[in-house]
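Asks: Need a 3D model of the sequence below.
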Amino acid sequence: MSERYRSEFHASIHEMMLAAHRMNAVDDVTMADFSRRCLVAGDHIETGEANQKDRPDERQAQD
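Replies: Okay, here's the model as predicted:
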């Protein structure tokens, strides 16, 4: 997947956090937050836990 970053600064920060996420030093929710902040809209990394948190209407429909 080719992400589009807001700036070179955002790319550096996101790639560092992605490496930490791969080592399980950063949880899914935190990684999703960094993706929202660093990537151009539409390129966010989706994670299961973050998806549930961000879409409470779908979670309620499943209950």
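Asks: From now on I want contacts and neighbour counts done on CA atoms only, so please keep to that.
Replies: Noted.
Asks: List the buried residues for the strand or helix carrying residue 30?
Replies: Taking DSSP states H and E as the criterion, residue 30 maps to helix 28-38. Neighbour-count burial for helix 28-38 flags 28-29, 31-32, 34-36, 38 (criterion: 16 or more other Cα atoms under 10 Å).
Asks: Just name whatever secondary elements it is in contact with.
Replies: Helix 28-38 sits against helix 8-22, helix 48-54, with contacts defined as 3 or more Cα pairs under 8 Å, 6 or more residues apart in numbering; DSSP states H and E.
Asks: I'd like to know how far the closest residue to residue 39 other than its chain neighbours sits from residue 22.
Replies: Spatial nearest neighbour of residue 39, excluding adjacent residues (Cα to Cα, 6 or more residues apart in numbering): residue 5 at 4.5 Å. Distance of residue 5 to residue 22, computed by Cα to Cα, to the nearest Å: 19 Å.
Asks: neighbour count winner among these two?
Replies: residue 5 (19 against 11; other Cα atoms under 10 Å).
Asks: List the contacts of the more buried one.
Replies: Listed by Cα atoms under 8 Å, 6 or more residues apart in numbering, the contact set of residue 5 reads 11, 38-40.
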